[in-house]
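> Sequence and predicted structure are below.
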Amino acid sequence: METTTQFTTIWNDNIAYAFGLYRLITQSLGIWPFTCHKFISKCQVLIVCVLQLTMMISIIGEMHLQCGEVSDKIQNISLCSCAFMTIVKVTIIRAHNPRMHEIMMSAMQDWLCVKTADDNKKMRSCAKLGRSICLFQMIGAYVTAIPIILSGFAGHSAVNTTNSTDSDIKILPLGTVCLFQQMSSSFYTSVYIIQCIQLLITCTGNVGCDCYFFGVTMHLSGQIEKLTDDMERFGKEKEDTDCHEKLVALVKRQNHLLELAENLETTFNIVILVELSALTYEICLIALQMVVNLRMGNSVVIINNIIMLQILYLQLFLYSYAGERLSSGLENLGSAIYSSEWCDSPSKVTKDLIFVMMRCRKSFALTAGKVCVMNLESFTNIIKAVGSYFSVLLAMFDK
């Protein structure tokens, strides 16, 4: 109760601009840090996981019955992978709620403590980047889901199945025509609505959690850059007491931001590892599906595949770019101190600066399960690896 009251008190227009979208996304999934203690939030997480799990079961059951074309099977595998990723992201973020609560509370306090117009401009710039990426990703995700959801409105379609002699099959969004055969109209409507909800949750949970991570990371990297500027301006005060107090404040801020970055890495490193594996697999499958549809001349599905590939590549890039920006920002703190007017500072402060610079040498890296460092170089290597995997899959498919 105290958490909710405190959150309501500090929420303002600037915070709404920076985190309003992420609040909407995470509240719909039950993982918004300030409402996780509520019973309804726990129910939301349970419902999301159950719906995604039943979606995976129905898709696997359909694949086991050996129904549909090759492109349909590839799409089903991709949807099953996305559903699994949604469960992983929601459960892990929920499990690390105390860490995310600390990060979000600190972020909101940052907005409340803005003192200059320049600081406000820089913070809004970081927030704008996160919002823009979030809107682009979410719109793209829902656009790819719309053709799948609307597929059933075409009525009936002739589908060849191995277990049914009925050529007039009712289409479902997940393509589970063999699993749900000879349905009544009311049952068909119920299944159709449930599968539409499952697809929307998949889009929101899978892509939305990535947007949430990226938005929080952009704010944190913006605060690290602000600290870098403050360290470069250090040394202008000539009085020993003032310089020492300012140095202590800067060091405390540095330790606080490093702690937040480590909390973020602890929360998301397993998510990134699973995401990295799933994205590599999905990109290869969707590219293979695009090749199949090119040969069949299905232009509508090809456009949908291109949009999906862009979303997946951007998802992969977001984690790499976020890791690069965080690690490089923390590394620049040592150079910022050296670039300050330390030579004009009192000798006592100058000696302390040596220890601060040594502290800055402690490296930080956003990792995928403590296995792979996420930065722009790793993104390039991953893209090359994906190209190699796709070449092997294409060769196997042609055979």
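Looks like it arrived, so ask away.
> Now the element after the host helix or strand of Thr91, going C-ward?
Using DSSP states H and E, Thr91 sits within helix 70-95. Per DSSP H and E, the first helix or strand lying C-terminal to helix 70-95 is helix 97-112.
> re earlier: which secondary structure elements does the helix holding Thr91 sit against?
helix 39-64, helix 185-232, helix 240-296 (3 or more C-beta pairs under 8 Å, 6 or more residues apart in numbering; DSSP states H and E). To be clear about C-beta, it is placed using only N, CA and C from the backbone, and glycine gets the same treatment.
> Let me know which of these is tucked in deepest.
Neighbour counts (mean count of other C-beta atoms under 10 Å) averaged over each of the helices and strands packed on helix 70-95 peak at helix 185-232, with a mean of 21.
> where's the nearest residue to Thr54 once chain neighbours are set aside relative to Trp32, distance?
Spatial nearest neighbour of Thr54, excluding adjacent residues (C-beta to C-beta, 6 or more residues apart in numbering): Gln198 at 7.4 Å. Counting by C-beta to C-beta, to the nearest Å, the gap from Gln198 to Trp32 is 21 Å.
> same check, this time on Thr280
Separation of Thr280 from Trp32 (C-beta to C-beta): 30 Å.
> likewise Gly140?
23 Å.
> Those two: which has the busier surroundings?
Set side by side, Gly140 and Trp32 show more neighbours around Trp32, with 25 against 17, by other C-beta atoms under 10 Å.
> Isn't the more buried one up against Arg23?
Yes - contact status for Trp32 versus Arg23: in contact at 5.9 Å, counting by C-beta atoms under 8 Å.
> picking that back up, residues contacting the residue nearest to Thr54?
By C-beta atoms under 8 Å, 6 or more residues apart in numbering, the residues touching Gln198 are Leu51, Gln52, Thr54, Met55, Ala83, Leu174.
> please redo it, this time with the cut-off set to 7 Å
Leu51, Gln52, Met55 (C-beta atoms under 7 Å, 6 or more residues apart in numbering).
> for Glu232, same thing?
Counting by C-beta under 7 Å, 6+ apart, the residues that Glu232 touches are Ala336, Ser339, Ser340.
> For the residues you listed, give me TSV that also has pLDDT.
Converted to TSV, the contacts of Glu232 look like this (pLDDT from 0 to 100):
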residue	pLDDT
Ala336	83
Ser339	79
Ser340	78
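> Can you select the buried ones from those residues in ChimeraX?
In ChimeraX syntax, the buried subset of these is picked out as below (16 or more other C-beta atoms under 10 Å):
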select :336,340
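> Quick one: mean pLDDT over stretch 65-85.
Stretch 65-85 shows a mean pLDDT of 80.
> Same question for stretch 129-144.
When pLDDT is averaged over stretch 129-144, the result is 92.
> buried set for it?
Leu129, Gly130, Arg131, Ile133, Cys134, Gln137, Met138, Gly140, Ala141, Thr144.
> tell me which of the contacts of Gln198 is nearest to Ser328?
Gln52 (35.6 Å; C-beta to C-beta).
> How much space separates the closest one from Ile59?
Gln52 is 11 Å from Ile59, where distance means C-beta to C-beta.
> next one: Gln195
For Gln195 relative to Ile59 (C-beta to C-beta), the value is 10 Å.
> what is in contact with those two at once?
The contact sets of Gln195 and Ile59 overlap at Leu174 (C-beta under 7 Å, 6+ apart).
> Nearest approach to Lys351 belongs to which of the helices and strands packed on helix 70-95?
helix 240-296 (10.8 Å).
> for the closest one, packing partners?
Packing contacts for helix 240-296, counted by 3 or more C-beta pairs under 7 Å, 6 or more residues apart in numbering; DSSP states H and E, involve helix 70-95, helix 97-112, helix 185-232, helix 299-339, helix 347-360, strand 367-368, helix 376-398.
> Rebuild those as a markdown table, extending it with distance to Lys38.
Formatted as a markdown table, the helices and strands packed on helix 240-296 follow (distance: least, C-beta to C-beta, whole Å):
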| stretch | distance to Lys38 |
| --- | --- |
| helix 70-95 | 12 |
| helix 97-112 | 12 |
| helix 185-232 | 18 |
| helix 299-339 | 29 |
| helix 347-360 | 40 |
| strand 367-368 | 32 |
| helix 376-398 | 38 |
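> So the closest residue in space to Cys211 that isn't next to it in sequence, which state does it fall into?
Computed as C-beta to C-beta, 6+ apart, the closest residue to Cys211 that is not its neighbour in sequence is Cys134, at 3.8 Å. Look at Cys134: counting by DSSP: H, G, I helix; E, B strand; the rest coil, its state is helix.
> Hmm, Gly215 and Cys134 touching each other?
Yes - counting by C-beta atoms under 7 Å, Cys134 touches Gly215, with 6.2 Å between them.
> quick one on the thing from earlier: buried by neighbour count: which residues of the helix holding Thr91 qualify?
Result for helix 70-95 [16+ other C-beta under 10 Å]: buried residues 71-90, 92-94.
> Show me how far it is from its chain's centre.
Between the centre of helix 70-95 and the centre of its chain there are 14 Å (C-alpha atoms, centre = their mean, to the nearest Å).
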